[in-house]
Every structure is written in C-alpha cells, then in structure tokens.
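>>> Generate coordinates for the sequence data below:
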Amino acid sequence: MPLTLATPAAHELVIKKSRFLGRVEPCADRAAALARVAELRAEHPGAAHVCWALLAGGHSAANDDGEPGGTAGRPMLDVLRHQGLDGVLATAVRYWGGVKLGAGGLVRAYTDCIAQALLTAEKVERVAQVVVGCELPYELEGRLRRLAEQHGAQLADVSHAARVHMRFMLPVTSRAAFVAAVDEAAQGRVAWVRDSSIASP
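Below you'll find the predicted structure:
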C-alpha cells in the first residue's frame, strides 16, 4: 500500500552560499499543490526559484521554475517515487548565493534537501477515501452529524432546501458501517446519492 505523510517536514541546505529550503507535505491534488506553491512565493518574495514536484493519486507533476530543465522538479519527483509515496508535495525554495552550481550540483542539491526532509517525516499508510452524499429531513441533521463524527466521516458540504443535502468524506473501509448505522438510526428516511472514490490522504 502506498505511503503518505502524516505532517509536513522541512530541511535547509546551504551550498556555495545558495540556500535551499526543502519541504514535504501531504497534498491531495494539483489544485492544492498550485495553491501551496503560490503561498510559498508570497512568503519568500526574495527567492530566485520555487521548484516543486507532486505525486498524488497517480498524477505527477514537476516544475523547475527557471532552473535548467530537469535539474530541480524531476529529481525531487524521483525521490518521492523512490520512497513509494503518494499524495505528497515536495517544494524547494532557493535563494541564489552568487555561485553557479552546474547541472549536477543542482540535481544533488534539490535531491538532498527533499531526501533529508523525508528522513524526519512521519509516513503513514495511504487509505483510499470515498465521498458519500445523502438527503434527509431537517430533524435528522443533528443525529447524522453525530454519527459521522463517530465513524470518522468528515462533512464535505451541506445545503438546505426542501430537505437537507449532505456530503461526507471517509475511508472507503468505513463506508459500509457508516451507511448501515445511519440507515438504522434514520429508519429509512435518508436517501443515499451515488458516491465516488477519491485519491486523498
């Protein structure tokens, strides 16, 4: 089973006066990765490069952000693949030190800052998640929220019309027990909407 990260981890390298701030963190998809990279650019306006690599749900991406092609994003992606990770974003913020490192030096620097960050990261099994949707009478909303909490189901969204529409995200292994518990408590007054698996840590 693929592994993901429980929490972010970071490592800083200084090579010939260039600072490399490596970071690895859980990340669900490309949209979340791009948002995180944008945050890093805002946090480090003086940085020369913000390079990144993503492995999530079979989707991969690598970005050199102006470094010579193949010297930053791809090496970081290779580190994630080598460690059997999924749902992980690797980023490296580089502050230019005035000395060129050459292609080989850049590959080593970007590889090392991510590999070192991963040494301190807590790795956990990546469990497939599923989204389940339902509609129900207003008087059952409170009970359904309590059942969701007991079964580790996170409320993804809720809307109120003639009936309450709710969507939950939970481990695929917990789906059957959650649905059965809700059906029993609601005595058939909850209508389920077709669900879908998602690749989220």
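
>>> how distant is the top helix by length along the chain from the center of its chain?
Longest helix in the chain, counting residues (DSSP state H): helix 102-119. With C-alpha atoms, centre = their mean, to the nearest Å as the basis, the distance from the averaged C-alpha position of helix 102-119 to the chain average is 21 Å.

>>> Kindly report the same for stretch 33-48.
For stretch 33-48, the separation from the chain centroid amounts to 17 Å (computed by C-alpha atoms, centre = their mean).

>>> Same question for stretch 71-85.
Here stretch 71-85 is found 15 Å from its chain centre; the criterion is C-alpha atoms, centre = their mean.

>>> Stretch 102-116: which residues count as buried?
Using 16 or more other C-beta atoms under 10 Å as the burial criterion, the residues of stretch 102-116 that qualify are 106, 107, 108, 109, 110, 111, 112, 113, 114, 115, 116. Where C-beta positions appear, they are placed from N, C-alpha and C, glycine not excepted.

>>> how about the CA coordinates for the helix or strand containing residue 77, as CSV?
If you go by DSSP states H and E, residue 77 is part of helix 73-82. Coordinates of each C-alpha in helix 73-82 appear next as CSV, following Å, rounded to 0.1, in the frame of the first residue of the first chain:
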residue,chain,number,x,y,z
GLY,A,73,11.4,19.3,-10.2
ARG,A,74,12.2,15.9,-11.8
PRO,A,75,14.9,14.9,-9.2
MET,A,76,12.5,15.8,-6.4
LEU,A,77,9.8,13.7,-8.1
ASP,A,78,12.2,10.8,-8.3
VAL,A,79,12.8,11.0,-4.6
LEU,A,80,9.1,10.8,-3.8
ARG,A,81,8.7,7.8,-6.2
HIS,A,82,11.8,6.0,-4.8
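
>>> Would you check which pair of the buried residues of stretch 102-116 lies furthest apart?
106 and 116 (15.9 Å; C-beta to C-beta).

>>> related to what we said a few turns ago, mind putting the buried residues of stretch 102-116 into TSV with distance to residue 145 and pLDDT?
Output for those, formatted as TSV (distance: C-beta to C-beta, whole Å; pLDDT from 0 to 100):
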residue	distance to residue 145	pLDDT
106	51	97
107	50	97
108	51	97
109	49	97
110	45	98
111	46	97
112	47	97
113	43	97
114	40	97
115	43	97
116	42	97
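
>>> relative to helix 102-119, how tilted is the helix holding residue 77?
40 degrees (axes from the mean of the first three to the mean of the last three C-alpha atoms, to 10 degrees).

>>> buried sites along the helix or strand following helix 73-82?
Per DSSP H and E, the first helix or strand lying C-terminal to helix 73-82 is strand 88-95. Buried residues in strand 88-95, counted by 16+ other C-beta under 10 Å: 88, 89, 90, 91, 92, 93, 94.
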